[in-house]
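Build me a model from this:
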Amino acid sequence: MAVGNVPFPAMPTIKGVRLGSTMAGIKKPGRRDLVVIELPEAATMAGVFTRNAFCAAPVHVAKAHLADCQVRQQTPRYWLINTGNANAGTGEVGMRDAKKSCDALAEHAGVSPEAVLPFSTGVIGEPLPMDALLAGIPEALKACDSSGSAWQQAGEGILTTDTVPKGASVVVELGDKCVTINGITKGSGMIKPNMATMLGFVVTDATVAQPLLQQLLRETVDRSFNCITVDSDTSTNDACMLAATGESAVIETQEHITIFRNGLQRVMTELAQAIIRDGEGATKFVTLQVEQAQSRQEALDVAFTVAHSPLVKTALYASDANWGRILAAVGRAPVNDFDVNRVVIDLDEVRIVEDGGRAPRYNEESGSAVMAREEITIGIKLGRGEQSATVWTSDLSHDYVSINADYRS
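Residues are numbered from 1 along each chain as shown. Sure thing, here's the model as predicted:
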């Protein structure tokens, strides 16, 4: 059950960028599951990857190929993405298969294997069905075009348990030029990124030097994909890539950097929130807004402690105004010298906690009315400083358990 999913947006064309997808039958017949994204030679590229110690073979290979290209002052030309199989926990066989998939695309496209970055998502611990994947590569490459429909089909081709493709696009004005930023992502479960999201691919036609592009990616990811959680599980395959084709305005003055960063942040935030709206079994979209912390990290620690509480998440699913669960979660957050008498907690417009206990004007009827909403903000003021953070999460439903219990069936 999706919570207020936003329709896939119209995607403007970005010169030099082509996307192709096909139904390779990697896991299930009759669905797009293999995607190729082609980028121009003049592009610059940045990436962030999962910090899970069991990171998947394609993560190792993508990082190595990206680094190799940067040493040679070149840019990878292709992103190759498959769904249905994560190629994680597959040892040396997985590494060999990830490299072999790059070799195959490189041969068909006439580039070096290092110019291909592989990405996989799906079931962990099973070898890639290489016959199906290799047979699908020329089909996906042949299907490449630059249209808006190609973006949507690529969005469909990277999904696993997602119910809808997820995309975002903005156009910002920089002087007499317009800069376009397009992005797609996938993710629904195993969502607690520790760098990026499950898979995210963002392209702009701006001209951005690689070090600045990497900095902007890290900054915007930290305030978007690193601020979402469905179930507190960090994937073995997380990756978020950002490419700038160099066909439009040069991003180098502080004014242009600020404008571009704001546009990029909007795309990243929309994509991250789309994952929560499509969270496995989700019926609620929940914003945790923590203010008056001593540091941003402290605010994040409090927000994630509440967002990860199974008792809070099940109360949200039941529309149960059991506000004591929220209070208890805030109280066990890793905060030193916590003065609970300064803490204020609100459910949307309803004050539930102040002065160390239940707010005097709180009543069950008003709390229940808020908890029944599909979109809820839990506001928490710590009374300790001036820093803040926002985290987005979902509830925990029967469907979440069913989806994950039946995932490999």
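
Which parts of the chain are helices?
Counting by DSSP state H, the chain has helices at residues 57-71, 91-109, 130-142, 148-157, 210-222, 254-277, 296-307, 310-317, 323-331, 364-371, 398-405.

Just the CA trace of the last one, in CSV.
Included here for helix 398-405 are C-alpha records, laid out as CSV according to Å, rounded to 0.1, in the frame of the first residue of the first chain:
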residue,chain,number,x,y,z
HIS,A,398,1.1,-6.6,8.6
ASP,A,399,1.9,-6.2,4.9
TYR,A,400,5.6,-5.4,5.6
VAL,A,401,5.9,-8.8,7.3
SER,A,402,4.1,-10.6,4.5
ILE,A,403,6.1,-8.9,1.7
ASN,A,404,9.4,-9.9,3.3
ALA,A,405,8.3,-13.3,4.4
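
re earlier: mind putting the helices of the chain in JSON lines, distance to Cys240 and mean neighbour count included?
Quick note: C-beta positions are derived from backbone N, CA and C, even for glycine. Converted to JSON lines, those look like this (distance: least, CB to CB, whole Å; neighbours: other CB atoms under 10 Å):
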{"stretch": "helix 57-71", "distance to Cys240": "11", "mean neighbour count": "19"}
{"stretch": "helix 91-109", "distance to Cys240": "18", "mean neighbour count": "18"}
{"stretch": "helix 130-142", "distance to Cys240": "21", "mean neighbour count": "19"}
{"stretch": "helix 148-157", "distance to Cys240": "15", "mean neighbour count": "22"}
{"stretch": "helix 210-222", "distance to Cys240": "6", "mean neighbour count": "18"}
{"stretch": "helix 254-277", "distance to Cys240": "8", "mean neighbour count": "20"}
{"stretch": "helix 296-307", "distance to Cys240": "18", "mean neighbour count": "22"}
{"stretch": "helix 310-317", "distance to Cys240": "25", "mean neighbour count": "20"}
{"stretch": "helix 323-331", "distance to Cys240": "28", "mean neighbour count": "19"}
{"stretch": "helix 364-371", "distance to Cys240": "33", "mean neighbour count": "16"}
{"stretch": "helix 398-405", "distance to Cys240": "23", "mean neighbour count": "14"}
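
Turn those helices into TSV, including mean pLDDT.
Listed next are those as TSV, based on pLDDT from 0 to 100:
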stretch	mean pLDDT
helix 57-71	96
helix 91-109	98
helix 130-142	97
helix 148-157	95
helix 210-222	97
helix 254-277	97
helix 296-307	97
helix 310-317	95
helix 323-331	96
helix 364-371	96
helix 398-405	82
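
Same list, those, but as CSV with distance to Pro9 please.
As requested, these are arranged in CSV below (distance: least, CB to CB, whole Å):
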stretch, distance to Pro9
helix 57-71, 27
helix 91-109, 28
helix 130-142, 23
helix 148-157, 9
helix 210-222, 18
helix 254-277, 9
helix 296-307, 27
helix 310-317, 28
helix 323-331, 34
helix 364-371, 30
helix 398-405, 26
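
who touches the residue lying closest to Val208 once chain neighbours are set aside in this structure?
Distance criterion CB to CB, 6 or more residues apart in numbering; nearest residue to Val208, sequence neighbours excluded, is Ala244 at 4.1 Å. Ala244 sits next to Ala43, Thr44, Met45, Val203, Thr204, Asp205, Ala206, Thr207, Val208, Leu213, Ile251 when contact means CB atoms under 8 Å, 6 or more residues apart in numbering.

Show the pLDDT at Trp79.
In this model, Trp79 is scored at 98, pLDDT.

Now it. Nearest residue, chain neighbours left out?
Leaving aside its chain neighbours, Trp79 sits nearest to Ile37 (4.2 Å; criterion: CB to CB, 6+ apart).

From Phe119, how far out is the residue lying farthest from the centre of the chain?
Computed with CA atoms, centre = their mean, the residue of the chain farthest from its C-alpha average is Pro360, at 40.0 Å. Between Pro360 and Phe119 the computed distance is 53 Å (CB to CB, to the nearest Å).

just Val401 next, same as before
Applying CB to CB to Val401 and Phe119 gives a distance of 28 Å.

Kindly report the same for Pro165.
16 Å.

ok, back up a step: please name the bridge partners of the residue nearest to Val208.
Ala244 forms beta bridges with Thr44, Thr204, as assigned by DSSP bridges.

Against Gly148, how distant is it?
Plainly put, Ala244 is 20 Å away from Gly148 if you go by CB to CB.

Next: Gly175.
26 Å.

Name all residues that make contact with Phe8.
So Phe8 contacts Gln152, Gly155, Val164, Pro165, Lys166, Gly167 (CB under 8 Å, 6+ apart).
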